[in-house]
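Chemist: I would like to see how this sequence folds:
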Amino acid sequence: MPWLWSTISTAWDLPRLCFPVAAARSGSLHGYDVIDPARLNPEIGSPEEFRAFSDALLGRGMGLILDIVPNHMCATDSRNRWWQDVLEKGASSEYAKYFDIDFHPEKVDLSEKILLPILGEQFGKVLESQQIQVGYEEGGFQAHYGSQRLPLALESWSRILEPALARLSARVSPSIPIFCGWRISSSGSASMRLPMSQESSRFGPAPGAVPARQRAREAIDDSIRTLNGQKGEPAALTAWRPFSSNNRTG
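Modeler: Have a look, this model is predicted:
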């Protein structure tokens, strides 16, 4: 701060202009590729340091102007929870109103979808070469393409969970709680939370609870492997067709 103060004329009551300080993509050199507009970028300092910087400016009669460009945001970082939520829930997302998205375009095939121009080849070729893979991370199912993680629409989860539940029912007693909060609604949407309930007591997990959770994850992994298929097998393309027609992203 003394150096900054010495570089400007003390005869002027000048504000200090700051580049974007909101949380941005890791390693960002300019800060415009924001992933969370409600949080300070930890790579440039802590909230306490920012407050000290602002107080130091005020103590010298200076103001602070933040450079905020609301139409700049990073859409390729899975930590952008606003954008990820819109990709997963579409128009029903609480963040949908912050984005200029036409959910009912003239092309009927794109109704209630978001078209992302990210594929390097035709969709069929990308699937055949297994460049797109379904995975499970942080409580949800995602389509992995290169470094990108795109959440699957909730209504498509049933295509993974129903086969997993069928496998699990044959291996685990129905009296043991397996999935915590899993449901399939009348509209076909599904949601699930992991880890599964431990049914814990002061004596530890209920008998069979830990093996049941392990088998549940194994059943989900088996279902995902079946969906992803083997390279060169046409069955993999067939399994993906419902996702390409029903998922949020096209």
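Chemist: distance of Pro211 from Gln122?
Modeler: 44 Å (Cβ to Cβ, to the nearest Å). Every residue, glycine included, has its C-beta placed from N, CA and C.
Chemist: got the CA positions of the helix or strand containing Pro211 in PDB?
Modeler: For Pro211, the host element (DSSP states H and E) is helix 209-228. Provided in PDB are the C-alpha atoms of helix 209-228 (Å, rounded to 0.1, in the frame of the first residue of the first chain):
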ATOM      1  CA  ALA A 209     -25.300 -52.100   6.500                       C
ATOM      2  CA  VAL A 210     -21.700 -51.700   5.400                       C
ATOM      3  CA  PRO A 211     -21.800 -54.700   3.000                       C
ATOM      4  CA  ALA A 212     -25.100 -53.400   1.700                       C
ATOM      5  CA  ARG A 213     -23.500 -50.000   0.900                       C
ATOM      6  CA  GLN A 214     -20.500 -51.600  -0.700                       C
ATOM      7  CA  ARG A 215     -22.800 -53.800  -2.900                       C
ATOM      8  CA  ALA A 216     -24.900 -50.800  -3.800                       C
ATOM      9  CA  ARG A 217     -21.900 -49.000  -5.100                       C
ATOM     10  CA  GLU A 218     -20.800 -52.100  -6.900                       C
ATOM     11  CA  ALA A 219     -24.300 -52.400  -8.500                       C
ATOM     12  CA  ILE A 220     -24.100 -48.800  -9.600                       C
ATOM     13  CA  ASP A 221     -20.600 -49.200 -11.100                       C
ATOM     14  CA  ASP A 222     -21.800 -52.300 -12.900                       C
ATOM     15  CA  SER A 223     -24.800 -50.400 -14.400                       C
ATOM     16  CA  ILE A 224     -22.400 -47.600 -15.500                       C
ATOM     17  CA  ARG A 225     -20.000 -50.100 -17.100                       C
ATOM     18  CA  THR A 226     -22.900 -51.700 -19.000                       C
ATOM     19  CA  LEU A 227     -24.100 -48.200 -20.200                       C
ATOM     20  CA  ASN A 228     -20.600 -47.200 -21.300                       C
END
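Chemist: for the nearest residue to Arg149 once chain neighbours are set aside, give me its contacts.
Modeler: Residue nearest to Arg149 in three dimensions, not counting chain neighbours: Ser78, with 3.9 Å by Cβ to Cβ, 6 or more residues apart in numbering. Ser78 sits next to 84, 142, 148-149 when contact means Cβ atoms under 8 Å, 6 or more residues apart in numbering.
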